[in-house]
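Enquirer: got a predicted model here, sequence first, then my questions.
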Amino acid sequence: MEGIPCVIQQGEKYHRIVIKHRESESRVLVKLVDRGDEVIVDTSELLQLEKK
C-alpha cells in the first residue's frame, strides 16, 4: 500500500497524497504532495488514482 498515489477530499478541496505507511487496520499516514504535510487519515477517505 505504501507509495500508492491517491487523493483525499477535505471540505470542498481534493489533495494529492502518497501513502507513507499503515498506522492501523483502518488508518494510514499520508503525505500531502502539494503542501508537504503528513496526516493520518481513515482508509475510507482514500480515492486511488488510475495509472495512465
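Expert: Yep, it's here.
Enquirer: spit out the contact partners of residue 41.
Expert: 8, 17, 27, 28, 30 (C-beta atoms under 8 Å, 6 or more residues apart in numbering). Where C-beta positions appear, they are placed from N, C-alpha and C, glycine not excepted.
Enquirer: who does it bridge with?
Expert: Note on residue 41: beta-bridge partners by DSSP bridges are residue 28.
Enquirer: residues contacting the closest residue to residue 43 other than its chain neighbours?
Expert: Once flanking residues are discounted, residue 43 sits nearest to residue 26: 5.3 Å by C-beta to C-beta, 6 or more residues apart in numbering. Residues counted as contacts of residue 26 (C-beta under 8 Å, 6+ apart) are 42, 43, 44.
Enquirer: what about the first one, neighbour count?
Expert: Counted by other C-beta atoms under 10 Å, the residues lying close to residue 42 total 11.
Enquirer: next one: the second one
Expert: If you count neighbours by other C-beta under 10 Å, residue 43 ends up with 15.
Enquirer: per-residue confidence for it?
Expert: Looking at residue 43, its pLDDT is 95.
Enquirer: backbone dihedrals for it, please?
Expert: Here is the backbone geometry of residue 43 (degrees, to the nearest 10): phi -60, psi -20.
Enquirer: hang on, isn't it packed against residue 27?
Expert: Yes. With contacts counted by C-beta atoms under 8 Å, residue 43 reaches residue 27, the gap being 6.9 Å.
Enquirer: tell me what residue 7 is bridged to.
Expert: Note on residue 7: beta-bridge partners by DSSP bridges are residue 16, residue 47.
Enquirer: so it is in contact with residue 16, correct?
Expert: Yes. Proximity of residue 7 to residue 16 meets the contact threshold set by C-beta under 8 Å, at 5.6 Å.
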